[in-house]
Structure formats: structure tokens, C-alpha cells
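Chemist: Sequence first, predicted coordinates after that:
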Amino acid sequence: MKIDWLKPLLGSTGPFATATLDVSRGGESGERELRARWRSVVRDLDKAGAPAAVVADLEDRALRPTHVHGPHGRVIIATAEDGVLVDRILAAPPTASRGHWGAAPELGPAARAADESVNYLLVVADRTGADLYRSTPGTGGIEVERSSVEGDHDAVTKAKVGRYEEKRVEGRAEDSWERNAEAIAARVDRIVAEHGPEVVLLSGDVRACALVRGAATRKTGDLLVDVQGGARDNGVNQASFDAHIAEALAKVRERRRTSVFEELQAAVARDAGGVTSLADAVTVLQRGQVRELVITASALDGDTNSLWVGPDLLHLASSKEEVEALGVAPDDVRELPATVAVMRAALGQDAGVTVVGHDLPGGVGALLRWADEDTPHDASPSMSGDAERLRPAS
């Protein structure tokens, strides 16, 4: 997934305050529990020496409603000079709410937010039309654009009439349903073409959903996923419907991660197009070759490696001397956690980031845009060797 929304961080030298917390508001006590979690974040920030003004900026954002149903989290990054630079929703709440103040932002939660985000279109249809919800991650949370399609309301139900009229009325009703479904499908097709959602969630009246699916283009049809529990009236069990949506989106994320990891495995097996060690990842990042940065979840949770960077996003190396050898003045060289440094370099070449639950040497790998004879080659001599090098985390 793209991480270009982190670019506001690049213009700031810090120090940075990072707040990561569970912002779920479920139940009658939800607001009170959220404020209690926020107080634990404040304690972390105060202990680390974060200025009161920065903490206030974070609090203003952290306590704003996200308009997201169900459990979810939030990561917010700010500086004293620039205020809030990043505000992003996490699909799953963190295991612990915490605050951090230091020379570098905590980008692990931000990477997870990028990896977990799914751009989707939810279509709740009945036989008269549909409500459409296009969801995209925005600067202040999950932005949902709602629109409706209303079809021809003539003869949308089958009335009880005499036996001589029955077939004619039924035919009119079914014709009307089909026309309405065609109108819904046409709107959905346009949204798919214009905005490219990763998945189209379809819910509502069973007959209407089947007609919409039949009227959609093949491109839209390939994205359609049926979700139970939706309806256009007020009789929806919202908690159950939200759970079905969350399950569908979780499957999309897992397919995406699996696809990236399998592509990395194949690239290593071919000895072209991918690297699977921190040292090799640094080399290809220096050369601007990275298309997708692959980071292990364990590296994000406990990064013990560090790298050195200069002012340019491609100034990246394993030692201060190597960065200085690139022509960078000693005072402009900084040491950063490895995951922060590689994500910073990935931003400079418009690369995406994927978080995987597998082992990689150094916790980092990369899929490449291009390769040449100077590109590191770390393929093992056999497929069995590849399987050992890229193995599921135990």
C-alpha cells in the first residue's frame, strides 16, 4: 500500500510526538473508556518530556469522533513547530495505547495503518435502488462518501390481483427490478472505473443483489463480495453487519499480503526482482529501485537495528561514515531505527509498504521496479533454500 500520506513528516526535523491508541467508543461507557486510554498516552508523553502544547494538539485530534463502527485505533504524529502532521485510522486497535516523544516518529503504527487500509465501495441494494458508501483513508480518519441510486418505483412489488392480471403484474414488477438493478450496476461501474476500489461489498435484498451482480461489468464483478446483514431500512442489526464487513475486509488484507509475499518468493527464486535482507534492501533503496517495501511484523514491534541517513531521502547507509562519503556534512547525518529509515527512503521513491507475518533477514525485504548487473542478488541455490530463507514465522 502507498505511504505517500506520510510525506508531511519529511519536511520536519522533529522531535516528534507519536500517539497510538484504541479509539473505539462501543457501549454506554465508550467515551469514558476512551478518555482513560488517552490519559495513559499523556502519562507516557509527559514522562518523555513532550511539550504541553504538542500534547494538547494530539488530544484535540485523538478525542474527535472517527465515525467508524466497531473496534479500531488511531495513530497521530505531531511536532512543536508544525503541529499535527499525520492522523490515521488503524483497522484494529493496538494492544496497548501509548505515547512516544523522540528524535524520530514511531512509524510502526503508521506502517500498519497503511497496510490495513482498504479502499472499498459498499453497496446496500433493494428492489427500488441502493445506498452507496465509498470509503477511503483520509487525513482525519476514514472518509465515507455516501450517495444513492433510485430506480423506477413503478410496480416494484407484486400486488395481489385476479388470476388473469397476476402474470402481467408480476412481469411488470420483475421488469422494474431489472431496470433498477441496471441503474445501480451502471453507477457502481462508474465508481469502479473512476476510483478503483479494491473490493465492492454487496449487501441487501437477495434478489436485488443477484440482479445487480448480473448487470455489472466483468471488471466490477471480479471485485464483488457478498456481505450479509445490510438493508436500506432501519431494521439492520448494525453490530452484526459491521462484523460481516470487518470480516470481508480482513480477507482482502490477507489476500493482498499473501500476494506480495508470494511475489517476493518468486522473485528470489528467479534471482531477479526482489531482495530479502536488510543490507540488500538498503542498497536498492539507495538506488531508487524499490516498488514495494516488505517489513515483518516482528521488526515493527521490536526494531533493534539502526541505520544512518542524510538530508536527501536516498542518503541511507549502515554507518555514519558511509553517509558522509556521499558528500553529506557530519552535522547533517542522523541515526534512526532501521524501520523508520527504510520507510523514509521508500517515501522518496513513491514505494508502497506491506507488513507480513513471516521471517526475513533483518526484518526487511523489497520488490523492485527494475534490476541491473549491480543489483544485489540474494537468491538461494535451490527452491528448498528459498523456502528456508523465506519461512513463516513460528
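Modeler: Perfect, I can see it now. Numbers count the residues shown, from 1 in each chain.

Chemist: Pull the number of nearby residues for the closest residue in space to residue 316 that isn't next to it in sequence.
Modeler: For residue 316, ignoring the flanking residues on the chain, the nearest one in space by CB to CB, 6 or more residues apart in numbering is residue 345 at 4.9 Å. Quick note: C-beta positions are derived from backbone N, CA and C, even for glycine. Residues near residue 345, counting by other CB atoms under 10 Å, number 25.

Chemist: likewise residue 242?
Modeler: Neighbourhood size, residue 242 [other CB under 10 Å]: 16.

Chemist: Is it located within a helix, as I assumed?
Modeler: Yes. Counting by DSSP: H, G, I helix; E, B strand; the rest coil, residue 242 is located in a helix.

Chemist: Could I get the full set of helices for the protein?
Modeler: For the chain, helices defined by DSSP state H occupy the ranges 30-48, 52-62, 108-116, 163-195, 206-215, 218-221, 238-270, 278-286, 297-301, 320-324, 338-347, 383-389.

Chemist: could those helices be laid out in JSON lines, adding distance to residue 129 and mean pLDDT?
Modeler: As requested, those are exported to JSON lines (distance: least, CB to CB, whole Å; pLDDT from 0 to 100):
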{"stretch": "helix 30-48", "distance to residue 129": "33", "mean pLDDT": "95"}
{"stretch": "helix 52-62", "distance to residue 129": "36", "mean pLDDT": "95"}
{"stretch": "helix 108-116", "distance to residue 129": "32", "mean pLDDT": "81"}
{"stretch": "helix 163-195", "distance to residue 129": "6", "mean pLDDT": "77"}
{"stretch": "helix 206-215", "distance to residue 129": "9", "mean pLDDT": "95"}
{"stretch": "helix 218-221", "distance to residue 129": "17", "mean pLDDT": "96"}
{"stretch": "helix 238-270", "distance to residue 129": "19", "mean pLDDT": "91"}
{"stretch": "helix 278-286", "distance to residue 129": "49", "mean pLDDT": "94"}
{"stretch": "helix 297-301", "distance to residue 129": "42", "mean pLDDT": "84"}
{"stretch": "helix 320-324", "distance to residue 129": "60", "mean pLDDT": "94"}
{"stretch": "helix 338-347", "distance to residue 129": "42", "mean pLDDT": "90"}
{"stretch": "helix 383-389", "distance to residue 129": "52", "mean pLDDT": "39"}
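
Chemist: how about those in a markdown table, adding distance to residue 375?
Modeler: A markdown table is the format used below for these (distance: least, CB to CB, whole Å):
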| stretch | distance to residue 375 |
| --- | --- |
| helix 30-48 | 41 |
| helix 52-62 | 42 |
| helix 108-116 | 24 |
| helix 163-195 | 35 |
| helix 206-215 | 45 |
| helix 218-221 | 35 |
| helix 238-270 | 11 |
| helix 278-286 | 7 |
| helix 297-301 | 22 |
| helix 320-324 | 18 |
| helix 338-347 | 16 |
| helix 383-389 | 17 |
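
Chemist: ok, the residue nearest to residue 316 touching residue 314?
Modeler: Yes. Residue 345 is in contact with residue 314 according to CB atoms under 8 Å; the separation is 6.4 Å.

Chemist: which residues do the two both contact?
Modeler: By CB atoms under 8 Å, 6 or more residues apart in numbering, residue 345 and residue 314 have these common neighbours: 285-286.

Chemist: Point to the residue nearest the middle of the protein.
Modeler: Centroid check for the chain by CA atoms, centre = their mean gives residue 117 as the closest residue, at 1.9 Å.

Chemist: so which of the helices of the chain comes closest to residue 364?
Modeler: helix 278-286 (4.5 Å; CB to CB).

Chemist: Low-confidence bits of the stretch 1-150 of the chain, can you list those?
Modeler: Low-confidence segments of the stretch 1-150 of the chain, defined by pLDDT under 70: 136-144.

Chemist: for it, what spans make up the strands?
Modeler: 16-22, 73-79, 83-90, 98-102, 120-125, 129-138, 141-150 (DSSP state E, counting those that start in this stretch).

Chemist: right, and the ones you listed - which one's nearest residue 192?
Modeler: Using CB to CB, the nearest of those to residue 192 is strand 120-125, at 7.2 Å.

Chemist: Return the list of helices and strands in contact with that closest one.
Modeler: strand 129-138, helix 163-195, strand 199-204, helix 206-215, helix 238-270 (3 or more CB pairs under 8 Å, 6 or more residues apart in numbering; DSSP states H and E).

Chemist: looking at these, which is buried most?
Modeler: Between the helices and strands packed on strand 120-125, strand 199-204 has the highest mean count of neighbours, a mean of 24, where neighbours are mean count of other CB atoms under 10 Å.

Chemist: burial measure for residue 220, as a count.
Modeler: Residues contacting residue 220 under the criterion other CB under 10 Å number 24.

Chemist: Contact partners for residue 296?
Modeler: Residue 296 neighbours (CB under 8 Å, 6+ apart): 355-360, 363-364, 393.

Chemist: picking that back up, so for residue 87, which of the helices of the chain sits nearest?
Modeler: Per CB to CB, nearest to residue 87 of these: helix 52-62, 5.3 Å.
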